[in-house]
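**Student:** give me coordinates for this.
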Amino acid sequence: MKIVFSFLLIIIFIFALNPQNLYAKTDKADKIVVLKEKRLLFLLRDGEIIKAYKIALGKSPVGHKTRLGDNKTPEGTYTLTSRKQSEKYHLTIFISYPNESDTLNAKKLGVSPGNSIAIHGLPKDLSSLNKLHRQMDWTSGCIAVTNDEIEEIWRLVDDGTPIEIKP
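**Tutor:** Predicted coordinates for the structure are as follows:
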């Protein structure tokens, strides 16, 4: 009993010296914002920017993605849905495109909305370009960062994190 009581006193003393330990914030982002025109991706926590990345977009970046093959990066509010280590793009974090609105719009147009929109790293054959890949928009509608950056983003966001993609 004395050992348990002594242990509790030590724990209380440690937290008294550093009370922030009791309320330690996560280092994870709680939102992502993409500014397509500026080619920037921001990780936010509690409304504050914690990281910023320069990005490359789809080959036809202006406007909202409406169909498979239009090479546009979607605009709107989505969530991160899943992730995988990718043979093609190092690491890939998928975005919930198409949402219900995107699907309905594509149906009205008589086209497929497309899918598999993601934040990803570089293909193996371009990985040596590193940051130079951002000199042009080259994806089919995804958001591309360097392999080091996608590794960092992978650690800092969870599936279910909202992502807002602005024009």
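**Student:** hey, let's count contacts and neighbours off CA atoms from now on
**Tutor:** Fine.
**Student:** scan this protein for its longest strand.
**Tutor:** Ranked by residue count, the top strand of the chain under DSSP state E comes out as strand 76-86.
**Student:** my guess is residue 65 is in a strand, correct?
**Tutor:** No. If the criterion is DSSP: H, G, I helix; E, B strand; the rest coil, then residue 65 is coil and not within a strand.
**Student:** what score does it have for pLDDT?
**Tutor:** Residue 65 carries a pLDDT score of 97 in this model.
**Student:** ditto for residue 103
**Tutor:** 97.
**Student:** pretty sure it contacts residue 113?
**Tutor:** Yes. Contact criterion C-alpha atoms under 8 Å: residue 103 and residue 113 qualify, at 6.0 Å.
**Student:** the two: who's more crowded?
**Tutor:** Remark: of residue 103 and residue 113, residue 113 carries more neighbours, 21 against 18, as counted by other C-alpha atoms under 10 Å.
**Student:** tell me which element that one is part of?
**Tutor:** Assessed by DSSP states H and E, residue 113 sits outside every helix and strand.
**Student:** ok, it - contacts?
**Tutor:** Contacts for residue 113 (C-alpha atoms under 8 Å, 6 or more residues apart in numbering) come out as 65, 66, 67, 68, 98, 102, 103, 106, 107.
**Student:** for residue 80, same thing?
**Tutor:** Contacts of residue 80 (C-alpha under 8 Å, 6+ apart): 93, 94, 95, 96, 158, 159, 160, 161, 162, 163.
**Student:** so which strand or helix has the last one?
**Tutor:** With elements taken from DSSP H and E, the one containing residue 163 is strand 162-166.
**Student:** list the contacts of that strand.
**Tutor:** 30-36, 74-80, 95.
**Student:** show me what counts as buried in that strand.
**Tutor:** Residues of strand 162-166 classed as buried: 162, 163, 164, 165, 166 (neighbour count, 16 or more other C-alpha atoms under 10 Å).
**Student:** state the pLDDT value of the closest residue to residue 40 other than its chain neighbours.
**Tutor:** Counting by C-alpha to C-alpha, 6 or more residues apart in numbering, residue 54 is the residue found nearest to residue 40 once chain neighbours are left out, at 4.7 Å. As predicted, residue 54 sits at a pLDDT of 98.
**Student:** quick one: contacts for residue 54?
**Tutor:** By C-alpha under 8 Å, 6+ apart, the residues touching residue 54 are 39, 40, 41, 134, 145.
**Student:** could you identify the most distant pair in those?
**Tutor:** Pairwise distances across those peak at 12.5 Å for 41 and 134 (criterion: C-alpha to C-alpha).
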